[in-house]
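Novice: sequence and computational prediction follow.
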Amino acid sequence: MKNKILLLVISISTTFCLESFAQQEAQYTQYMYNTMSINPAYAGSREVLSVVGLYRTQWVGLDGAPETQTLGVHSPIGSSEKLGLGLSIVNDNIGPTHETNFDIDLSYTINTSDKGRFSFGLKGGGHLLNINYDELKRYNTDAILPTGTISEFSPNVGVGLYYRHADKWYVGLSAPNLLETEHLDEVTLSTATERIHYYLIGGYVFNLSDNLKFKPAFLGKVVEGAPLQVDVTANFLINEKLTLGVAYRWSAAISALAGFQITEGLMIGLGYDKETTELGKTKFNSGSYEIMLRFELFKKDSKIISPRFF
């Protein structure tokens, strides 16, 4: 029974890969700490050298279920610090499918007021896709399944807009993959296309007391041929150290989040998802887990007057 469920998951994901040249882009519960992976305009916005690593394992209990590793490094550059430069790497695996996205992100920021900052961003890089159909033989020897390996490369260009107002609120709009280049699939002899994903992200910081802040956030994703995805999150920040929260992914999952600011420059975050779909009701699925680490390097002569909460 376990293998049948896994085979169904892999088959659906692989079919989607053939039709769109990639599975749906990786999803994150802690998206508010991983903004640059979807919006290049975020590069340099934290005003320090910032390094974020995130690991996600999905549908724990099913062999071959999705696993995602993400690394993002970004910083303001130049004397005016209006330019931001970043590097984003995302590795996504599910069953026989292995994908790697690597991008350089460049942003330019305009001061719209004493506290308002409006940024434009460009993303450029590439996408590697590898599908090894022979791995499916671990679960099923059906002769109608494809065999062999597909390896494809495609370039990528993306754009983004990001506005932040001091440490109070932010909103961003982006399309991290603009190219819809068609490729010839050597196994199926059919074309495969990367579809455009549109993201809308935002959040606000409410000061409930001197030691307690309420940080709601949302992320919406739209892609042609797929259902609308909406994540809504409610985080509480205690003493600017401990973060506790809950989240809901529309018609997909409920989540719990926790984070701790270990030092001024080091933060750890944890996330857990429980599927609300039929897959989440199976005894083989123990949910999805995330761990995030953020390290930031401050200049020796700098003093952060206003803490950055996003």
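Specialist: Sure, I can see it. Residues are numbered from 1 along each chain as shown.
Novice: now do the strands in the stretch 101-250 of the chain.
Specialist: With strands called from DSSP state E, counting those that start in this stretch, the stretch 101-250 of the chain shows them at 116-132, 149-165, 169-175, 182-184, 191-193, 197-204, 206-209, 212-223, 229-238, 242-249.
Novice: avg pLDDT for the last one?
Specialist: Think strand 242-249. Strand 242-249 comes out with an average pLDDT of 97.
Novice: partner strands of that strand and their direction?
Specialist: Here strand 242-249 is paired, per DSSP bridges, with strand 229-238 (antiparallel), strand 253-263 (antiparallel).
Novice: follow-up on the earlier one: so which of the strands of the stretch 101-250 of the chain gets nearest residue 64?
Specialist: Smallest distance to residue 64 across the strands of the stretch 101-250 of the chain (C-beta to C-beta): 11.3 Å, for strand 116-132. To be clear about C-beta, it is placed using only N, CA and C from the backbone, and glycine gets the same treatment.
Novice: to residue 308, which of the strands of the stretch 101-250 of the chain lies closest?
Specialist: Closest among those, once you apply C-beta to C-beta, is strand 149-165, at 9.1 Å.
Novice: in the closest one, what's buried?
Specialist: 150, 152, 154, 156, 158-165 (16 or more other C-beta atoms under 10 Å).
Novice: could you point out which of those is nearest to residue 48?
Specialist: Relative to residue 48, the closest of the buried residues of strand 149-165 is residue 164; by C-beta to C-beta it sits at 14.5 Å.
Novice: what separates that closest one from residue 269, distance-wise?
Specialist: Plainly put, residue 164 is 20 Å away from residue 269 if you go by C-beta to C-beta, to the nearest Å.
Novice: also residue 58?
Specialist: 17 Å.
Novice: for the residue nearest to residue 257 when sequence neighbours are not counted, what are its contacts?
Specialist: Leaving aside its sequence neighbours, residue 257 sits nearest to residue 245 (C-beta to C-beta, 6 or more residues apart in numbering; 4.2 Å). Each residue near residue 245 by C-beta atoms under 8 Å, 6 or more residues apart in numbering is listed here: 215, 233-236, 256-258.
Novice: swap in residue 211?
Specialist: By C-beta under 8 Å, 6+ apart, the contact set of residue 211 is 238-239.
Novice: could you check how far it is from residue 242?
Specialist: Distance from residue 211 to residue 242, by C-beta to C-beta: 10 Å.
Novice: kindly report the same for residue 217.
Specialist: 17 Å.
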